[in-house]
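*Asks:* got a predicted model here, sequence first, then my questions.
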Amino acid sequence: LNDTLIDFYMQWMVKREDPLASPVHTFSTHFYTALREGGASAVTKWTSRKDVDVFDKKIVLVPINGDAHWSLCAVINPGNIGKE
């Protein structure tokens, strides 16, 4: 699998959803690489340009490629991170 196919599938999964109203947000395959290499400052505008607040979502999906192997990180209820 390559990043183009993964990106297509991620978009296909949520294609019928309104991006702002959807409880799910998907990042592209380049998000994790940018985050890993540039830190949080490298990805701060990835959602702000689209007026998406990932902390309001129920599920955030992040595809990750490591050593030619794909994984999918699912962050459930990201708005609860750090809350007791």
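*Replies:* Looks like it came in fine.
*Asks:* which positions within stretch 36-46 qualify as buried?
*Replies:* Judged by neighbour count using 16 or more other C-beta atoms under 10 Å, the buried positions of stretch 36-46 are 43, 46. No exception for glycine: its C-beta is placed from N, CA and C like everyone else's.
*Asks:* got a list of contacts for it?
*Replies:* 27, 31, 34, 35 (C-beta atoms under 8 Å, 6 or more residues apart in numbering).
*Asks:* try stretch 71-80
*Replies:* Contact with stretch 71-80 is made by 32, 54-65, 81, as judged by C-beta under 8 Å, 6+ apart.
*Asks:* quick check: mean pLDDT of it?
*Replies:* Stretch 71-80 shows an average pLDDT of 95 in the prediction.
*Asks:* now it, how far from the chain's geometric center?
*Replies:* Centre-to-centre, stretch 71-80 and its host chain are 9 Å apart (C-alpha atoms, centre = their mean, to the nearest Å).
*Asks:* same check on stretch 35-54?
*Replies:* Relative to its chain's centre, stretch 35-54 lies at 10 Å (C-alpha atoms, centre = their mean).
*Asks:* what's the average pLDDT for that stretch?
*Replies:* For stretch 35-54, mean pLDDT is 88.
*Asks:* end-to-end on that stretch?
*Replies:* End-to-end distance for stretch 35-54, by C-alpha to C-alpha, to the nearest Å: 15 Å.
*Asks:* sorry, back to before: just the ones of the contacts of stretch 71-80 in helices?
*Replies:* Per DSSP state H, helices hold the following members of the contacts of stretch 71-80: residue 32.
*Asks:* what's the closest of the contacts of stretch 71-80 to residue 14?
*Replies:* The closest of the contacts of stretch 71-80 to residue 14 turns out to be residue 61 (C-beta to C-beta; 8.7 Å).
*Asks:* what is that closest one paired to in the beta sheet?
*Replies:* Counting by DSSP bridges, residue 61 forms beta bridges with residue 26, residue 74.
*Asks:* list the contacts of it.
*Replies:* Residue 61 makes contact with 10, 13, 24, 25, 26, 27, 72, 73, 74, 75, according to C-beta under 8 Å, 6+ apart.
*Asks:* with that, I have no additional questions.
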